[in-house]
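Student: Could you work out the structure for the sequence below:
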Amino acid sequence: MSRSIVVRPRASVDLDEQAEYIAQDNPKAALRFLNAAEKAFAFLADMPELGAACEFRNPAAAGLRMWLIRGFEKHVIFYRSTETGIDVIRVLHAARDIEAFFGN
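Tutor: Below is the predicted model:
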């Protein structure tokens, strides 16, 4: 059974921005990044509880989990498990101030 994957608009922008940045040095790596992200989404949709639970001060961030993109481990998927799959909220580079995105 195929599980649903919802990529929120902000997460889609995150993916595009990171792929564009990677493509400046290596266009093929940018495509690999996008493919790796899609594979991670599919994997998480099948087993959504595998990601580490996140704890932020902001109650709106309740239930968030995180998962590193294989081959691009500095890129982190933030998502929620749903009854039918996953809801991808953001995809951020680990060097970013993650707390600033979810903590307040």
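Student: mind checking the SS state of the residue sitting nearest the centre point of the chain?
Tutor: Closest to where the C-alpha atoms of the chain average out (C-alpha atoms, centre = their mean) is residue 77, at 1.9 Å. Look at residue 77: counting by DSSP: H, G, I helix; E, B strand; the rest coil, its state is strand.
Student: Need the per-residue pLDDT for the residue lying closest to it once chain neighbours are set aside.
Tutor: Using C-beta to C-beta, 6 or more residues apart in numbering and skipping the chain neighbours, the partner closest in space to residue 77 is residue 67 (4.7 Å). Any C-beta I mention is one placed from the backbone N, CA and C, and that applies to glycine too. pLDDT, residue 67: 97.
Student: got it, and the one 4 residues further on?
Tutor: Turning to residue 71, the model gives it a pLDDT of 96.
Student: So what's the residue count around it?
Tutor: 14 (other C-beta atoms under 10 Å).
Student: what does the lengthiest helix in the chain contact?
Tutor: Among the segments of the chain that qualify as a helix by DSSP state H, the longest is helix 27-46. Among residues not part of helix 27-46, those counted as contacts by C-beta atoms under 8 Å, 6 or more residues apart in numbering are 3-5, 7, 15, 18-20, 22-23, 50-51, 67, 69-72, 75, 77, 79, 85-86, 88, 91.
Student: just checking, what packs against the worst-scoring helix or strand of the chain on mean pLDDT?
Tutor: The weakest-scoring helix or strand in the chain, judged by mean pLDDT, DSSP states H and E, is helix 98-102 (a mean of 82). With contacts taken as 3 or more C-beta pairs under 8 Å, 6 or more residues apart in numbering; DSSP states H and E, helix 98-102 sits against strand 85-93.
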